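A.B. asks: Structure of the sequence below:
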Amino acid sequence: MNFDNFFDTKIILENEQVQLSPLLPQHFDELLPIALDKSLWQFTTAKINSAAGFKVYFDIALLEREQKKSYPFVIFDKINKEFAGSTRFGNIDFKHKRTEIGWSWLRTSLHGTGFNRQCKFLLLSYAFETLLLNRVELKTNVLNYRSQKAMRKLGAVEEGVFRKHIINDDETVRNSMFFSFINDEWLATKEKCFSGL
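C.D. replies: Residues are numbered from 1 along each chain as shown. The predicted model follows:
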């Protein structure tokens, strides 16, 4: 992989159910109705409660790709033929061969269905098998027990808590729980946690 061209590459990751493709300005109207579900933002740093608030969040995602900080994706549900949410590679550091998977949100009807697991598998496979990275990080609010349970189920290794790590949009202070995958363990994790996909 030529990392110099990474941010200009049209990356499409898909299987029979999920398609991840680059987030584009025209996706705003498709994603807005999903994003206005306030329950999606309970444990996130962003606190979206209006179209204007989502526009700020959305434009930052696009800007971070231009600035070569992150690569945001729109998520499409191929079974139901509808947009489902968004996710991204963020905090990308090719010098140290690591990235973070996060900023992930899905329409609530897909929660608990295994759809997120398929998204994460596509992203992790690309990170380790195409980009040949050493490390992929995930983090979540220390109070988000559902997210932590999901990360452990994916085979992510809990690394600990960063205390007073983030100030949320509503000025509350968040402690973050960090998890990771590393390349040395990926094949075993893939076989154990993602078999059958």
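A.B. asks: element containing the residue positioned nearest the centre of the chain, please.
C.D. replies: Residue closest to the average C-alpha location in the chain (CA atoms, centre = their mean): residue 102, at 3.1 Å. Residue 102 is part of strand 98-106 when elements are defined by DSSP states H and E.
A.B. asks: residue ranges of the strands in the protein, please?
C.D. replies: 13-14, 18-22, 71-77, 82-93, 98-106, 135-141, 157-167, 173-182 (DSSP state E).
A.B. asks: okay if I get those as JSON lines plus mean pLDDT?
C.D. replies: JSON lines is the format used below for these (pLDDT from 0 to 100):
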{"stretch": "strand 13-14", "mean pLDDT": "98"}
{"stretch": "strand 18-22", "mean pLDDT": "98"}
{"stretch": "strand 71-77", "mean pLDDT": "98"}
{"stretch": "strand 82-93", "mean pLDDT": "97"}
{"stretch": "strand 98-106", "mean pLDDT": "97"}
{"stretch": "strand 135-141", "mean pLDDT": "97"}
{"stretch": "strand 157-167", "mean pLDDT": "96"}
{"stretch": "strand 173-182", "mean pLDDT": "97"}
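A.B. asks: Tabulate those in TSV, adding columns for distance to residue 47.
C.D. replies: Every C-beta, even on glycine, is put in place using the N, C-alpha and C of the backbone. Formatted as TSV, those follow (distance: least, CB to CB, whole Å):
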stretch	distance to residue 47
strand 13-14	29
strand 18-22	25
strand 71-77	19
strand 82-93	16
strand 98-106	13
strand 135-141	12
strand 157-167	12
strand 173-182	11
